[in-house]
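1. This is the structure alone, sequence omitted:
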Ligand SMILES: C[S@@+](CC[C@H](N)C(=O)[O-])C[C@H]1O[C@@H](n2cnc3c(N)ncnc32)[C@H](O)[C@@H]1O
């Protein structure tokens, strides 16, 4: 025989800003629950004799108040909600009873049937929060939540109300989004979300093609690499496109390889938009300067080997009058040198570094098209790397790494 079906829960979005929430317990459950409470602006009082290191970090940062002892009913005075995160059933029941007496909703980690409120499985997508209750079955709730998250995240999802960063009816905006080094999965969650909301995408040459492939058909795609006139006029033209489209009320994403501010001219675009009064959001990206060596097995720092790394552009020859790079000074550094856009001038760069005292046998690596299926890695020394690159017919985009870290994880053969 089965009993009567329990009434279904009544869903609410609690606005906890500045309101006291008591968390009882300082273990794994509290560690998982507290960040969302803090994110909601709750005034969190944590009562527990012990704390996990993560919770202690919140205490140390002054984000919540900690009472290092066992629960006392008076802890609930002035509270709006209590979260019981202990597995001792008797202790949890005592908190529940004190909460019920004061008409305070009580979430229980140990026994959801004894709780007066349930925590849903949640996914956040910009301004949208989806909370799922699975009829008392948390696995079901998480399964449905995951499906909804995939749907919201799908790059082909129909546009829903854009987030504040994305602009919307009130006016156009520009987001400068770092697309990461090549693997389409290395874009950030925020960058990806803004891309799904874009009406115009202005994309660089090095942007992962698969990100563009999945744009909605109605999105206007401007291929910035095809703009004629040469580098500086082309940049002016890109600035003009960003400003014009935003002024026409469009949600514009300027999608750039790696990080927008690492040799990406993102700063110039931000200034152009600011001058035109167009609001801009900057979304950092995973830069190839660190990620590409990393996926090739080269950490840019390693304890006891390199405690500094320098990222430098090699697109101008060392003796070019316009070069701002102090190759002579770089030759004297002990740390890792990461050279972007350096293939064309590699022979001159390595000769200059050696001439200023960098040993010719310093390990060097060159990684072409890192993080993509076409990735190629060459390991060499500073003295021979230029010739080796030529012999192997490596081509841009590639990153050159110079320093002992090259062999830290992969010993010299
Ligand atoms: C104009 S810079 C842009 C850098 C970009 N903003 C970043 O943060 O990665 C372009 C240079 O970055 C390097 N690069 C970018 N993506 C790369 C990749 N997947 N593999 C190797 N080098 C890459 C190459 O040196 C290329 O010439």
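-> Sure, I can see it. From a predicted model like this one, the values you see are computed outputs, not experimental measurements.
2. Give me every residue in this protein lying close to the ligand.
-> Proximity of the chain to the ligand, by C-beta under 6 Å from any ligand atom, involves residues 181-182, 206, 256-259, 262-264, 287-289, 292, 340-341, 367, 369-371, 396-399. From N, CA and C alone the C-beta is placed, and that goes for glycine too.
3. Could you check which helix or strand contains whatever residue of the stretch 51-200 of the chain ends up closest to the ligand?
-> Using C-beta to the nearest ligand atom, the closest approach of the stretch 51-200 of the chain to the ligand is made by residue 182 at 3.7 Å. In the assignment (DSSP states H and E), residue 182 maps to no helix and no strand.
4. do residue 324 as well
-> Using DSSP H and E, no helix or strand contains residue 324.
5. I'd like the distance between it and the ligand.
-> For residue 324, the distance to the ligand (C-beta to the nearest ligand atom, to the nearest Å) stands at 15 Å.
6. Could you check the pLDDT of the closest residue to the ligand within the chain?
-> Using C-beta to the nearest ligand atom, residue 258 is the residue of the chain that sits closest to the ligand, at 1.9 Å. pLDDT for residue 258: 97.
7. okay, now it: neighbour count?
-> 28 (other C-beta atoms under 10 Å).
8. quick one: low-confidence ranges for the stretch 301-413 of the chain?
-> Counting by pLDDT under 70, the low-confidence segments of the stretch 301-413 of the chain come to 411-413.
9. Now do the strands in it.
-> For the stretch 301-413 of the chain, the strands defined by DSSP state E, counting those that start in this stretch cover 309-313, 336-340, 363-368, 376-381, 398-402.
10. Next, format those as TSV and append mean neighbour count and distance to residue 62.
-> Compiled in TSV, the strands of the stretch 301-413 of the chain are given as follows (neighbours: other C-beta atoms under 10 Å; distance: least, C-beta to C-beta, whole Å):
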stretch	mean neighbour count	distance to residue 62
strand 309-313	18	33
strand 336-340	25	37
strand 363-368	24	43
strand 376-381	18	46
strand 398-402	27	41
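11. So which of the ones you listed is nearest residue 327?
-> Among these, the nearest to residue 327 by C-beta to C-beta is strand 309-313 (8.4 Å).
12. is it true that the residue of the chain closest to the ligand touches residue 264?
-> Yes - under the criterion of C-beta atoms under 8 Å, residue 258 makes contact with residue 264 at 6.6 Å.
13. Need the overlap of contacts for those two.
-> Common contact partners of residue 258 and residue 264 (C-beta atoms under 8 Å, 6 or more residues apart in numbering): residue 178.
14. ok, back up a step: what sits against the residue of the chain closest to the ligand?
-> Neighbours of residue 258 in contact, by C-beta under 8 Å, 6+ apart: 178, 179, 180, 181, 206, 264, 285, 286, 287, 288, 289, 291.
15. Can you go through the residues of the chain next to the ligand and name the buried ones?
-> Buried subset of those (neighbour count, 16 or more other C-beta atoms under 10 Å): 181-182, 206, 256-259, 262-264, 287-289, 292, 340-341, 367, 369-371, 397-399.
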